[in-house]
Each structure stands twice: as structure tokens, then as C-alpha cells.
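J.: Got a predicted structure here, sequence first:
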Protein chains: 2
Amino acid sequence: MDKDEILRIVSKLFKEKGFYNTSISEISEKVGLKGGSLYYHIKSKEDVLFSICEHAINGLLSKLETIVNTDAAPDVKLKKIIENHVDYFTKNLYETSVFLIETKALRDKYQKSYKSKRDQFELHVRNVLQEGMKKGVFRRADVKLLSFAILGALNWMVIWYNPEGEWGADKIRKEFTKLIFSGIEKR
Amino acid sequence: MDKDEILRIVSKLFKEKGFYNTSISEISEKVGLKGGSLYYHIKSKEDVLFSICEHAINGLLSKLETIVNTDAAPDVKLKKIIENHVDYFTKNLYETSVFLIETKALRDKYQKSYKSKRDQFELHVRNVLQEGMKKGVFRRADVKLLSFAILGALNWMVIWYNPEGEWGADKIRKEFTKLIFSGIEKR
């Protein structure tokens, strides 16, 4: 078993039971390692929590940066950002859930690293919105509030998304893109 | 100090530090009560967590039911639902945050009561969306996914809303209503 697999198993435990309700002995049991072999991969619960958060935010951020660092029009970029978010969340549900919901358990220096990446992420999204408003493809609005509304709609997936549920990533992407771009009013 | 005030103080602690990182002695200190006087109001940390969640969901749900039980048109109802949500969240930030983020710490029977009310809430919202689609004021879409997107955008306020921040409830209401109804595209 490699580190990624271990992180995924622990993420699932953290998402389902919460960080504090998951014991090292449960981790040991699910991962199938104990004593020194477990310690080789996991120094402490907090250590693995931090690894999960880092892994999730780094993956999401690097994909976002690939999108924003192109010459595409802002509406094309935003569509790709939404698609990327939905895809990443459906493929990495446990990790993203832990990184959005369980970070309060991290100590200050870990919080700092995590928050600076989250801020970077939000800034990229805001720049795309800003650019779209300047170019007249998006209507004028408070950029920060708009980014919170869009990211909120997307991030809330960690609460309701069920990998065995009724919708695949395709359907979610389509409906969310439509809502964000065109709203719900019939015209 | 009455029960509501105590719940508010404890909610603030839970929101800022998380349920597990808040100790009974911190609660005692902030509330200004100890021993028997504290125990009179708070039997256990879990007991107060449950009271906070119940209080928050009951308040939000009863306001929602007042809105949906009128003869107003579905778009008018949805506008009011959004306004109510923003108002309730800005006025009861700590309680709503705890009730959305910290419920994993509740035992099964408490979870059950909480989840059934949350489901009721979502059902009311879906009925309004459904009615709007039937009457042709909202475009056709997957009602459940749409309700998750709308409630996600609103619920995410518990993560970013700052009572001392740059926007009041008025501004947030306006921007969120506009986004949900008309989307971001300029026409």
C-alpha cells in the first residue's frame, strides 16, 4: 500500500466519523498496518490530516493554475474552473471533504499554509470574474461576493455528493454551469 | 443570563475552536458560571451542541414554513427564501455554523432528529422550485441538484461571513438573489 492509498482510506474515515472520532487503532485496522509499519507512514493523526489537506488543495490548485494561465476568454476559463471543481470533487470526495470541513483540528502553522493556498485559489477565481466584467461578458457585481456564491455552490458538494448516487460528474457539471451562467429564470 | 445567551456564547466557542477543542472549563469561564449553576443549564457538551442545532434549525424552518404556506407566486417565494436565509445566517452566524459543520459530533438519535428537519427544509425549497418550473417561471432543471446548488451558495456563508466585514445582509441578499435568478452572463 502506498501513501496515496493510505491517505484515501484515512480521508474516508475522517469524512464519515470526523477527525476526533477516528482513533489511531481504527486507522491501523482499516489500513492493515500496525506499530512501526504504520508509524512509518503516519506520525500522528494530525500529521495525516495535514497531508490530506495539502494533497487535496495542491491537486485542485495546480489544475486551476493550468486553466487560468492560458489565453482563453474569461467565460471559457470560468466554465473550465467549474468543470474542474466538479471533477476533482467527485474523484476525490473524501480528501476534499476533509480539507474543507476538518481543518479546524490543524495547529496554527498548518492552518497558515492551508489558508494561504485557499486564498490563492480564491484570488485566481476572482481574477477571472474581474476580467470577464472588464471585457463585458459578465455583468458587473461585487467580485468577492460572487466568488463566494459560486465556490459555495460547488464546495457544498462535499455535504451531499454520494459516489453511488443518482448523478455522475457530467450531469452535475452541466446543471451547475447552467445555473451559474444563466440563473434559474426562464426567458 | 438566560439559556439563549448561553447557547450563543457556546456557539461562538464551537464555531471558532470546533466542538472537540472547546473544553467545559472554557465554557464555564466564558459563561461566567460554574459547578451546579453551569450544570443547571448545561448537562454536557453534547447536550448543548444538540440544543444549538435544534434552536438553529427550528428557527430557520419555522420562518421558511411561513413563507411557503402563503399563496405567493413561486418566484416571490424563492426570493423570500433567499432573503430569509441570508438574514437568519447573518443574525445567527455562530448557531448556523455549528448546526451545519459540527453535527458529526452528535450521537445517532440526535443526528436523526436533526437530519429529518434538514430534509424537511430541503423538501420545502424543492417544492417551490418544482412549482416554478410547472408554472413556467423557472427553466426546467434537475430540482434536487438545483436546490443543492442554491442552498450550497447560501450555506457557505458560515465559512466566509464576517459580522465585522465589508458587507451587510442587504448587499449579500441583493447579489445572491441576482446570481441565482439571472446568472452571471451579461445580456
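T.: Here it is on my side, so go on.

J.: Can you mark which positions in the longest helix along chain A are buried?
T.: In chain A, assigned by DSSP state H, the helix with the most residues is helix A:108-134. Within helix A:108-134, the residues that count as buried by 16 or more other CB atoms under 10 Å in any protein chain shown are A:110, A:114, A:117-118, A:121, A:124-126, A:128-129, A:131-133. (C-beta placed from N, C-alpha, C; glycine too.)

J.: Export the residues you listed as CSV, with columns for pLDDT and distance to chain B.
T.: Converted to CSV, the buried residues of helix A:108-134 look like this (pLDDT from 0 to 100; distance: CB to the nearest CB, whole Å):
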residue, pLDDT, distance to chain B
A:110, 85, 14
A:114, 86, 13
A:117, 93, 15
A:118, 93, 10
A:121, 96, 13
A:124, 98, 16
A:125, 98, 12
A:126, 98, 13
A:128, 98, 11
A:129, 97, 8
A:131, 97, 13
A:132, 96, 8
A:133, 96, 8
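
J.: Residue B:165: which of the residues you listed is nearest?
T.: For the buried residues of helix A:108-134, the residue nearest residue B:165 by CB to CB is residue A:126; the value is 15.8 Å.

J.: Residue A:134 and chain B: what is the separation?
T.: From residue A:134 over to chain B the distance is 11 Å, taken as CB to the nearest CB, to the nearest Å.

J.: Quick one: residues contacting that residue.
T.: Taking CB atoms under 8 Å, 6 or more residues apart in numbering or on different chains, we find residue A:134 in contact with no residue.

J.: Show me how far the longest helix of chain A is from its chain's centre.
T.: 13 Å (CA atoms, centre = their mean, to the nearest Å).

J.: Do me a favour and get the end-to-end distance for stretch A:22-42?
T.: 14 Å (CA to CA, to the nearest Å).

J.: Check which residues of the one helix or strand residue A:62 maps to are buried.
T.: Taking DSSP states H and E as the definition, one finds residue A:62 inside helix A:45-68. For helix A:45-68, a neighbour-count test (16+ other CB under 10 Å) marks A:45, A:48-57, A:59-60, A:64, A:67-68 as buried.

J.: of all the residues you listed, which comes closest to residue A:31?
T.: Distances from residue A:31 to the buried residues of helix A:45-68, taken by CB to CB, are shortest for residue A:48, at 9.9 Å.

J.: quick one: contacts for that closest one?
T.: A:6, A:7, A:10, A:27, A:42.

J.: lowest average confidence, helix or strand, in chain A?
T.: Lowest by mean pLDDT, DSSP states H and E among the helices and strands of chain A is helix A:35-41, with a mean of 87.

J.: Now do that one: everything it contacts.
T.: Contacts of helix A:35-41 (CB under 8 Å, 6+ apart): A:3, A:6, A:24, A:27, A:28, A:31, A:33.

J.: Serialize the contacts of residue A:48 to CSV and add fields for pLDDT and secondary structure.
T.: Shown next, in CSV, are those (pLDDT from 0 to 100; DSSP: H, G, I helix; E, B strand; the rest coil):
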residue, pLDDT, secondary structure
A:6, 91, helix
A:7, 92, helix
A:10, 94, helix
A:27, 93, helix
A:42, 85, coil
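
J.: Filter those residues down to the buried ones.
T.: Counted by 16+ other CB under 10 Å, the contacts of residue A:48 give A:6, A:7, A:10, A:27, A:42 as buried.

J.: Distance to chain B for those residues - can I get that in a markdown table?
T.: Listed next are the buried ones among the contacts of residue A:48 as a markdown table, based on distance: CB to the nearest CB, whole Å:
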| residue | distance to chain B |
| --- | --- |
| A:6 | 22 |
| A:7 | 20 |
| A:10 | 16 |
| A:27 | 17 |
| A:42 | 19 |
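
J.: Buried residues, stretch A:139-146. List them.
T.: For stretch A:139-146, by 16+ other CB under 10 Å, it's A:139, A:141, A:142, A:143, A:144, A:145, A:146.

J.: what does stretch A:88-107 give?
T.: Per 16+ other CB under 10 Å, stretch A:88-107 contains these buried residues: A:88-90, A:92-106.

J.: and if you look at stretch A:7-27?
T.: Per 16+ other CB under 10 Å, stretch A:7-27 contains these buried residues: A:7-15, A:18-20, A:22, A:27.

J.: Pull the most distant pair out of the buried ones among the contacts of residue A:48.
T.: Top of the distance list for the buried ones among the contacts of residue A:48 (CB to CB): A:7 and A:27, 11.0 Å.

J.: For the most far-flung residue of chain A relative to its centre, which non-adjacent residue is closest in space?
T.: Computed with CA atoms, centre = their mean, the residue of chain A farthest from its C-alpha average is residue A:187, at 33.1 Å. Excluding the flanking residues, the one nearest residue A:187 by CB to CB, 6 or more residues apart in numbering or on different chains is residue B:139, at 7.9 Å.

J.: what sits against the one you found?
T.: Here residue B:139 is in contact with A:182, A:184, A:185, A:186, A:187, B:133 (CB under 8 Å, 6+ apart).

J.: Is it possible to get TSV of these that adds distance to residue B:171?
T.: Putting those into TSV (distance: CB to CB, whole Å) gives the following:
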residue	distance to residue B:171
A:182	23
A:184	21
A:185	21
A:186	27
A:187	26
B:133	29
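
J.: could the residues you listed go into CSV alongside distance to residue A:156 and secondary structure?
T.: CSV is the format used below for the contacts of residue B:139 (distance: CB to CB, whole Å; DSSP: H, G, I helix; E, B strand; the rest coil):
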residue, distance to residue A:156, secondary structure
A:182, 20, helix
A:184, 16, coil
A:185, 22, strand
A:186, 24, coil
A:187, 26, coil
B:133, 21, helix
